[in-house]
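Novice: Sequence first, then the predicted structure:
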Amino acid sequence: MRWLRAFWDSTVGKKAVMAVTGILLVGFVVAHMLGNLQMFIGADAMNRYAAFLKSTGELLWVARAGLLGAAVLHITAAYQLTQMNRAARTDAYAKRVPAASTLASRTMRWGGVLLLAFLVFHIGHFTTGTFHPAFSHTMVYGNVILGFRSPVVSAFYLAAMAALGLHLYHGAWAGFRTLGLAKRSSAPRERRIAQGLALIVWAGFSSIPVAVWLGILN
Amino acid sequence: MHLTLHVWRQASPDQPGRLVEYAAPDISPDMSFLEMLDVVNERLIQRGEEPVAFDHDCREGICGSCGLMINGSAHGPMKLTTACQLHMRSFKDGDAIWIEPWRAKAFPVVKDLVVDRSAFDRIIQAGGYISAATGTPQDANALPIPKPDADWAMDNAACIGCGACVAACPNASASLFTAAKVTHLGALPQGQPERERRALAMVAQMDEEGFGGCTLHGECQEACPKGISIDAIMQLNRDYIRASATKVEVAEWTGAA
């Protein structure tokens, strides 16, 4: 198992772990967004979908454990790499002009922290109902409508989805490069795919609180 | 041209440095950036002050000795150009110019603008070589290599080891430097016997030296005076991951950790 230890200890190995877990999490995010969009079909469809997910019993817990494991590995590697990267540049430049980095690539770390904070709130809000004013374990559609009537909750949700979009804008592209799976190109196709995916995920999730506020969903 | 320079002055590695302002009047736009520094230094010497130390050798953009952070860009504002090949016509009369050394934990400042880049040598020593006896130059077509492979190897062999990639990277990562050598040798038949070992050993040494990791900002590619692409880093990652996955005994033998 020494090779595994060496792999995890290296900057390239940790990034590979982040890429694999990142791809798993992106898969979940896309499926979650598609599930959520059933809000627009109607209350029955949404509640039935939620009931179906709960009816999977042990499978649901297997999926949850897998996602939790992926998230823990992703965050642990990110934290350790951040520490290593910061230690590598202790003295800052007096003057520095970025030439290629993007807003998305520069906000991966703090955006990720925001997403983690959001995740804790989000599970407490719509899964356990701890932070929800009138939570029902069966009426998911109503939970969403009531939950988003709070301007603070909606604003936090929209900010987190913007952070998620930015995170995917850079991460979904970087992940393929980290694993060495992309083709050599100065204008990589996977970069455009990541940008499109980021836009779709951001718009898809954000549409729900916006629709609640516009009265389209009630 | 009349310029104002803000130059990093640091007497020795263990003493704190600071930016010092110098007036640089009567600079010809035809001078190279290093010639401008030569003129400034001559004036400093005439005034009995310590001249600014900076690295330089060939002054024709091929040795990799010079390396300055000029106004926040590695090697200055001109793309695909080393500091020695940058000319003062790239600046305007009255400009203020900030000149700093490469900043990285693995590149400690020796004096003023001179940094110690021996970490790069140790990365090369870890695996940036081939063991095949190549003998005297053979007939060019004796060993058939597809043209795209030869081009790709040559593009990456163009690295002059100046360290601009590390200087420009927000993580002070040496990924592009390491990847260029792994990719150069990995593209050619002579480089195959040590290919897995090379990727493991060079990455291990890169991490050991205290360089950061790659986060795909792409700053290195913009800064590289030889135009080496971050596609090379993808190749490095692929070789490293494959070597880790298949060559367990190699990983243990090199003690890659």
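Specialist: Received, thanks. Just so we're clear, the structure is a prediction, and the values are computed from it rather than from any experiment.

Novice: Relative to B:Gln235, how far out is B:Ala106?
Specialist: Taken as C-beta to C-beta, to the nearest Å, the spacing of B:Ala106 relative to B:Gln235 amounts to 22 Å. (C-beta placed from N, C-alpha, C; glycine too.)

Novice: Comparing the two, which residue is more hemmed in?
Specialist: Using other C-beta atoms under 10 Å in any protein chain shown as the criterion, B:Ala106 and B:Gln235 rank with B:Ala106 on top: 26 against 22.

Novice: check contacts around that one.
Specialist: Counting by C-beta atoms under 8 Å, 6 or more residues apart in numbering or on different chains, B:Ala106 makes contact with A:Ala88, B:Ala119, B:Val166, B:Ala172, B:Ala174, B:Glu209, B:Gly210, B:Phe211.

Novice: May I have the phi/psi pair for the fourth one?
Specialist: Okay, so that is B:Ala172. Backbone torsions for B:Ala172, taken as degrees, to the nearest 10, come to phi 50, psi 50.

Novice: ok, it - contacts?
Specialist: A:Asn85, A:Ala88, A:Arg89, B:Arg103, B:Ala104, B:Lys105, B:Ala106, B:Phe107, B:Val166, B:Phe211, B:Gly212.

Novice: Pull the most distant pair out of those.
Specialist: A:Asn85 and B:Phe107 (15.0 Å; C-beta to C-beta).

Novice: more crowded one of those two?
Specialist: B:Phe107 (26 against 21).

Novice: is it true that B:Val20 lies in a helix?
Specialist: No. Under DSSP: H, G, I helix; E, B strand; the rest coil, B:Val20 sits outside any helix and is assigned strand.

Novice: you'd agree it is up against B:Ala11?
Specialist: No. Taking contacts as C-beta atoms under 8 Å, B:Val20 lies outside contact range of B:Ala11: 11.6 Å.

Novice: Run a quick neighbour tally on B:Cys58.
Specialist: 13.

Novice: And the one 10 residues further on, by the same measure?
Specialist: Counted with other C-beta under 10 Å, residues neighbouring B:Leu68 total 30.

Novice: Surely it touches B:Thr82?
Specialist: No. Using C-beta under 8 Å, B:Leu68 is not in contact with B:Thr82, being 9.4 Å away.

Novice: Any idea which residue of chain A lies closest to chain B?
Specialist: A:Gly180 (2.8 Å; C-beta to the nearest C-beta).

Novice: Which helix or strand contains the residue nearest to that residue when sequence neighbours are not counted?
Specialist: Computed as C-beta to C-beta, 6 or more residues apart in numbering or on different chains, the closest residue to A:Gly180 that is not its neighbour in sequence is B:Arg238, at 2.8 Å. Element membership for B:Arg238 (DSSP states H and E) is helix B:231-246.

Novice: Off-centre distance for that helix?
Specialist: With C-alpha atoms, centre = their mean, to the nearest Å as the basis, helix B:231-246 stands 21 Å off its chain's centre.

Novice: Which strands and helices lie in contact with it?
Specialist: helix A:2-9, helix A:11-36, helix A:151-178, helix B:175-186, helix B:195-208, helix B:248-254 (3 or more C-beta pairs under 8 Å, 6 or more residues apart in numbering or on different chains; DSSP states H and E).

Novice: May I have that helix as CSV, with CA atoms only?
Specialist: Extracted C-alpha coordinates of helix B:231-246, given in CSV (Å, rounded to 0.1, in the frame of the first residue of the first chain):
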residue,chain,number,x,y,z
ASP,B,231,-1.0,20.4,-22.5
ALA,B,232,2.4,19.1,-21.2
ILE,B,233,1.0,19.1,-17.6
MET,B,234,-1.8,16.9,-18.8
GLN,B,235,0.8,14.4,-20.1
LEU,B,236,2.7,14.6,-16.8
ASN,B,237,-0.5,13.8,-14.9
ARG,B,238,-1.3,11.0,-17.2
ASP,B,239,2.1,9.4,-16.9
TYR,B,240,2.1,9.9,-13.2
ILE,B,241,-1.3,8.4,-12.6
ARG,B,242,-0.5,5.4,-15.0
ALA,B,243,2.8,4.8,-13.3
SER,B,244,1.2,4.9,-9.9
ALA,B,245,-1.6,2.5,-11.0
THR,B,246,0.5,-0.1,-12.8
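
Novice: Show me the domain layout of chain B.
Specialist: B:3-110, B:118-133+B:144-254 (automatic domain parsing).

Novice: if we can go back for a sec, mind checking which of the helices and strands packed on helix B:231-246 is nearest A:Arg191?
Specialist: helix A:151-178 (4.5 Å).

Novice: and the helices and strands packed on helix B:231-246, which one is worst for confidence?
Specialist: Note on those: lowest mean pLDDT is at helix B:248-254, with a mean of 56.

Novice: Quick one: distance of the longest helix seen in chain A to the chain centre.
Specialist: Scanning chain A for the helix with the most residues, using DSSP state H, yields helix A:58-88. On the basis of C-alpha atoms, centre = their mean, helix A:58-88 sits 12 Å off its chain's mean C-alpha point.

Novice: Please enumerate residues in contact with the helix or strand immediately after it in the chain?
Specialist: The helix or strand immediately downstream of helix A:58-88 is helix A:103-106, counting by DSSP H and E. With C-beta under 8 Å, 6+ apart as the test, helix A:103-106 has contacts from A:Pro98, A:Leu166, A:His167, A:Tyr169, A:His170, A:Ala174, A:Ala198, B:Pro170, B:Thr215, B:Leu216, B:His217, B:Gly218.

Novice: which of the residues you listed tops the neighbour count?
Specialist: B:Thr215 (28 neighbours).

Novice: Redo the contacts of B:Ala172 as JSON lines? Include pLDDT and secondary structure.
Specialist: JSON lines is the format used below for the contacts of B:Ala172 (pLDDT from 0 to 100; DSSP: H, G, I helix; E, B strand; the rest coil):
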{"residue": "A:Asn85", "pLDDT": "98", "secondary structure": "helix"}
{"residue": "A:Ala88", "pLDDT": "98", "secondary structure": "helix"}
{"residue": "A:Arg89", "pLDDT": "97", "secondary structure": "coil"}
{"residue": "B:Arg103", "pLDDT": "98", "secondary structure": "coil"}
{"residue": "B:Ala104", "pLDDT": "98", "secondary structure": "strand"}
{"residue": "B:Lys105", "pLDDT": "98", "secondary structure": "coil"}
{"residue": "B:Ala106", "pLDDT": "98", "secondary structure": "coil"}
{"residue": "B:Phe107", "pLDDT": "98", "secondary structure": "strand"}
{"residue": "B:Val166", "pLDDT": "98", "secondary structure": "helix"}
{"residue": "B:Phe211", "pLDDT": "98", "secondary structure": "coil"}
{"residue": "B:Gly212", "pLDDT": "98", "secondary structure": "strand"}
